[in-house]
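# Dropping a prediction and its sequence here:
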Amino acid sequence: MLRIKIPTQLVYLPDVNVFINKALPDEFKCISPQVELAVEELLVNVFSYAYKDNMEKLSEAEVTCRMVDFDDTPCFCLAVLDWGQPFNPFSEAPVPDTELDADERPIGGLGIFLIKSMVAHYSYSYLNKSNFIELYFTLPTDSK
């Protein structure tokens, strides 16, 4: 399992993208933009909400990558572990109204919606005072 620890500050997001591109197996390189976008959206949520009461305190998050078989399908699994306050982005993020025109929608709120549309599976748990989120990416059916 490959891992990187980063401070919970947005300026470190490019380091995560470099890490992801090194960790992605060759056959999954075709989905690199989706993986990068999903992890960026996820980390922005984690940094903004799990640490919202302690933004001045420098904390860390850990990103890990591994290959797994999920329901007999090869998946690239990206996990984020942080030690902020409990925050489940999948249940706490509001569902955006995608029927509204772009200029009528409030700013923000599409990140988790995008993540859910790009992954085959996602999970959240809070254990031992840490948030643990996993995203499972599969290859597009035309790439298999």
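Great, that's in hand. Predicted model, so just to flag it, every value in this text is computed and none were measured. Numbering: from 1, shown residues only.
# going forward, measure contacts and count neighbours with C-alpha atoms only.
Will do.
# send the alpha carbons of the helix ranked longest in the chain over as CSV?
Longest helix in the chain, counting residues (DSSP state H): helix 32-45. Below are the C-alpha coordinates for helix 32-45, written out as CSV (Å, rounded to 0.1, in the frame of the first residue of the first chain):
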residue,chain,number,x,y,z
SER,A,32,-6.2,9.9,-13.9
PRO,A,33,-8.1,13.1,-14.4
GLN,A,34,-11.2,11.7,-12.6
VAL,A,35,-9.1,10.3,-9.7
GLU,A,36,-7.4,13.7,-9.3
LEU,A,37,-10.6,15.6,-9.4
ALA,A,38,-12.3,13.3,-6.9
VAL,A,39,-9.5,13.4,-4.4
GLU,A,40,-9.2,17.2,-4.7
GLU,A,41,-12.9,17.6,-4.0
LEU,A,42,-12.8,15.2,-1.1
LEU,A,43,-9.7,16.8,0.5
VAL,A,44,-11.2,20.3,0.1
ASN,A,45,-14.3,19.0,2.0
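# packing partners for it?
Helices and strands touching helix 32-45, by 3 or more CA pairs under 8 Å, 6 or more residues apart in numbering; DSSP states H and E, are helix 13-23, helix 111-118.
# switch to 10 Å and redo it
Secondary-structure packing of helix 32-45 (3 or more CA pairs under 10 Å, 6 or more residues apart in numbering; DSSP states H and E): helix 13-23, strand 60-70, strand 73-82, helix 89-92, helix 111-118, strand 130-137.
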